[in-house]
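>>> Structure for this input, please:
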Amino acid sequence: MTSRTLTLASTLLLLVGTIPGGGSILRAAGEGVVASPQAALGPGPNWTDDGPIHGVKSSYTPLVITGPNQIRVYSNSNGKGNGDGRWYMASGTFSRVGAFTQVLSPSQIFDIPVLPGCAYNSPFVRTNAAVRGPSGRYYALLHIRDCYTPTNTGDIPTWLTSDDGVSWTYHGRLIIDGGYPGVGGNSNDLIVQEDKPALLDPVNPGNNRFLYYDTIYTSYGLAKMALLFSADGMNWFQYKDSTGQVADLWPSDPQVSSYTPGFIAATNTPNGFHVISPDTYPATKNLHIFSCDGVHFRVLDPNSKTQNGPKGTNLVYEGATGLVHALSTGEHYSMMEQLWSCN
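Next up is the predicted model:
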């Protein structure tokens, strides 16, 4: 591409603006918004295997970056035989973290009952996501069930916040579409955009403060990958199609269309939204997809280098370095973010 072409493209983007997540938009008189493709500046995802983070062994381990080479890892396991199903945190570096300490007491979980006779910890924290916003405030979305197995509740999404990432406030079950529909999900993701308006944006769901992707089974139907969005963290809405069914955002591309995602990991960058899911359980490969607006996804890599272990990965974007980090059953990977084509 010549410098003149780049100049013209830059001018066009200035004239037509952008959509949430970084895609450009074209609007003609009397017409709606149509996403236009961006030029990809480079090859496909180029992940580097940075080696293990010693002390991290399990799969549900959201990674939070607190400073240069300073991290926190959250987990539903402390690595001990009787510790699974609680919520823990460990601090350290990209090389090693210390011991996991419990940061959520079972007594704080006021709306999911203890299951009598459960052979495991009850209630049981399963998949979890934790994010530190630019303000320094922490947010978490935990899927909790009454018992690991058998369970009468399934995985219930819940909301937590913290000023320091150590002392957490448990706010309870997510209110979804005004109620508590039966939601069966197992995601590892939460996207926080503190700069977005406090008012809900149902037209452009990627333009909301809080998002997460999940495999959803509800009264509204089945979606391989649904999007839920919120302005306040407690009241959530499922993104639906024109028929009122939960919109399925999983790409129809034959490279990934035959798979049903699970243990979904996601993060956003100035360029858009990255999602990685294993192909099955136990995973044989990770599927990496991308969207400029949070709704329309394309395949970046049908066999991501981030696959390690049976349950996918955990993602976080580090704005200070421009790196996307993945943590897959203790193995750390990083990728320099770049512009990607929207379609």
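>>> C-alpha only now, for contacts and for neighbours.
Noted.
>>> Give me the domain ranges for this structure.
Domain segmentation of the chain under automatic domain parsing yields 1-36, 37-336.
>>> So for the longest one, mean pLDDT?
By that I understand domain 37-336. Domain 37-336 comes out with an average pLDDT of 93.
>>> The residue nearest to N152 when sequence neighbours are not counted and Q102: what is the separation?
Distance criterion CA to CA, 6 or more residues apart in numbering; nearest residue to N152, sequence neighbours excluded, is D146 at 6.8 Å. Plainly put, D146 is 18 Å away from Q102 if you go by CA to CA, to the nearest Å.
>>> Give me whichever of the domains of the chain is most buried.
Mean neighbour count (mean count of other CA atoms under 10 Å) peaks for domain 37-336 among those, with a mean of 19.
>>> Wait, D293 touches N208, no?
No: using CA atoms under 8 Å, D293 makes no contact with N208, being 11.1 Å away.
>>> roughly how far apart are the residue nearest to G294 when sequence neighbours are not counted and N268?
Nearest residue to G294, sequence neighbours excluded (CA to CA, 6+ apart): G206, at 4.9 Å. Using CA to CA, one obtains 10 Å as the distance from G206 to N268.
>>> can you pull out the strands in the stretch 201-343 of the chain?
In the stretch 201-343 of the chain, the segments counted as strands under DSSP state E, counting those that start in this stretch are 210-218, 221-230, 235-238, 265-269, 272-278, 286-291, 297-304, 315-318, 323-328, 331-336.
>>> so how far is A247 from the residue nearest to P302 when sequence neighbours are not counted?
Closest residue in space to P302, ignoring its immediate chain neighbours: L287 at 4.7 Å, by CA to CA, 6+ apart. L287 is 20 Å from A247, where distance means CA to CA.
>>> Repeat that for V131.
25 Å.
>>> Also Y74?
Taken as CA to CA, the span from Y74 to A247 is 30 Å.
>>> And V295, by the same measure?
Distance from V295 to A247, by CA to CA: 9 Å.
>>> any residues in contact with both of the two?
L227 (CA atoms under 8 Å, 6 or more residues apart in numbering).
>>> Checking the nearest residue to N128 once chain neighbours are set aside next. Helix, strand or coil?
Leaving aside its sequence neighbours, N128 sits nearest to L142 (CA to CA, 6+ apart; 4.4 Å). Three-state call for L142 (DSSP: H, G, I helix; E, B strand; the rest coil): strand.
>>> Is L142 in contact with A129, as I believe?
Yes: the criterion here is CA under 8 Å, and L142 meets it with A129 at 6.3 Å.
>>> Now do the shared contacts for those two.
In contact with both L142 and A129: no residue, using CA under 8 Å, 6+ apart.
>>> ok so, going back, and the residue nearest to P302, how far from W250?
In this view, L287 and W250 are 11 Å apart by CA to CA.
>>> first vs last residue of stretch 312-324, how far apart are they?
Its first and final residues considered, stretch 312-324 spans 15 Å by CA to CA.
>>> now what about that stretch, what contacts it?
Contact with stretch 312-324 is made by 59-65, 188-189, 263-269, 276-278, 283, 286, 306-307, 325-329, 334-337, as judged by CA under 8 Å, 6+ apart.
>>> swap the cut-off to 7 Å and go again
Stretch 312-324 is contacted from outside by 61-63, 188, 263, 265-269, 277-278, 283, 286, 325-328, 334-337, using CA atoms under 7 Å, 6 or more residues apart in numbering.
>>> How about stretch 248-262?
Under the contact criterion CA under 7 Å, 6+ apart, stretch 248-262 has outside partners 186-187, 215, 223-226, 277-280, 295-298, 302.
>>> T158 versus L323, what's the distance?
Counting by CA to CA, the gap from L323 to T158 is 29 Å.
>>> From Y139, how far off is the residue lying closest to I289 once chain neighbours are set aside?
Nearest non-adjacent residue to I289, counting by CA to CA, 6+ apart: V299, 4.3 Å away. Distance, V299 to Y139, using CA to CA: 28 Å.
>>> go on, V114?
24 Å.
>>> and if you look at L160?
Note on L160: its distance to Y139, by CA to CA, is 6 Å.
>>> Could you do T243 as well?
33 Å.
>>> Kindly report the same for Q255.
Separation of Q255 from Y139 (CA to CA) stands at 34 Å.
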